[in-house]
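Chemist: just coords:
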């Protein structure tokens, strides 16, 4: 596999699951055990039907559940010059990641370029360094940002984005280590030769992931207009429906766009 080619992210939302599925972080177990079980789960995602969309969607959700952060997202490189926002834990996170890629500014973009973590606990201090990104992040309610590269053996294939709102304390050393560990496990899984067999295969998978994002956005808008609710609320309803029926959000979006009846 080449440096710039990686698997797409797949959105699977956390919740209580049957035996054999991802461990829920809401089961009351110790934080240390939750961290270990989730690292094992992410590293054990290497199956024949592996879907990078699912893996990276899980990564975002687990970061928010395990760490002292309010939002998480992932960017991947389709080629050395082009990052794409491919997974996010919330609508606002998705919006900020897309803006970060377009502006070529911000902690995740910086982490990808440098191949090293970028920490900015107070984004106001980075206003000169990121003149376009900081105002947008603050507008969306984020005051602290952290970027961790998805990197293995000198190859950086993307970055993990973490953001905090004003009620949070700066990310502690322990959480930073856990975040780096999660990013490393995701990078290792994505870069396995058994999963990424060729550039063409990987680009095809990433294209599928990006198409899924478009479908979800279209369905979200359709549902919001139909029910007279906000796009954020529409997305939450789609996500809850997918969760309760053990389906992907993309599948729910396809049903909505096709006009199939759904109880949402």
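Modeler: In hand now; what should we look at? In this text the structure is predicted, and so the values were computed from the model without any measurement.
Chemist: tell me what the longest helix seen in the chain is packed against?
Modeler: For the chain, the longest helix by residue count, based on DSSP state H, is helix 199-227. Other elements packing on helix 199-227 under the criterion 3 or more Cβ pairs under 8 Å, 6 or more residues apart in numbering; DSSP states H and E are helix 52-66, strand 71-79, strand 82-88, helix 231-244, helix 249-257. From N, CA and C alone the C-beta is placed, and that goes for glycine too.
Chemist: now do the contacts for residue 186.
Modeler: Going by Cβ atoms under 8 Å, 6 or more residues apart in numbering, residue 186 touches 42, 55-56, 59, 74, 150, 160.
Chemist: same question for the helix or strand hosting it, mean pLDDT?
Modeler: For residue 186, the host element (DSSP states H and E) is helix 173-190. Per-residue pLDDT over helix 173-190 has a mean of 88.
Chemist: go through it and flag the buried ones.
Modeler: Under the neighbour-count criterion of 16 or more other Cβ atoms under 10 Å, helix 173-190 has 175-176, 178-190 buried.
Chemist: can you check stretch 78-97 too?
Modeler: Within stretch 78-97, the residues that qualify as buried by neighbour count (16+ other Cβ under 10 Å) are 78, 83-97.
Chemist: before we move on, what about stretch 220-235?
Modeler: So for stretch 220-235, counting by 16+ other Cβ under 10 Å, buried means 220, 223-224, 234-235.
Chemist: touching that stretch from outside, list them.
Modeler: Identification of contacts with stretch 220-235 by Cβ under 8 Å, 6+ apart yields 91-92, 216, 237-238, 253, 256-257, 264.
Chemist: redo that, cut-off 7 Å
Modeler: With Cβ atoms under 7 Å, 6 or more residues apart in numbering as the contact definition, stretch 220-235 has outside contacts at 91, 237-238, 256-257, 264.
Chemist: what's the farthest-apart pair in these?
Modeler: The span of the contacts of stretch 220-235, defined through Cβ to Cβ, is set by 91 and 257 at 18.2 Å.
Chemist: coming back round to it: mind putting the contacts of stretch 220-235 in JSON lines, pLDDT included?
Modeler: Formatted as JSON lines, the contacts of stretch 220-235 follow (pLDDT from 0 to 100):
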{"residue": "91", "pLDDT": "90"}
{"residue": "237", "pLDDT": "92"}
{"residue": "238", "pLDDT": "92"}
{"residue": "256", "pLDDT": "93"}
{"residue": "257", "pLDDT": "93"}
{"residue": "264", "pLDDT": "77"}
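Chemist: outline the domain layout of this structure.
Modeler: Listed by automatic domain parsing, the domain ranges of the chain are 31-197, 208-257.
Chemist: how many other residues sit next to residue 236?
Modeler: By other Cβ atoms under 10 Å, 15 other residues sit near residue 236.
Chemist: low-confidence regions, the chain specifically.
Modeler: 1-50, 79-81, 192-203, 205 (pLDDT under 70).
Chemist: redo that, cut-off 80
Modeler: The chain contains residues with pLDDT under 80 at 1-55, 78-81, 191-210, 264.
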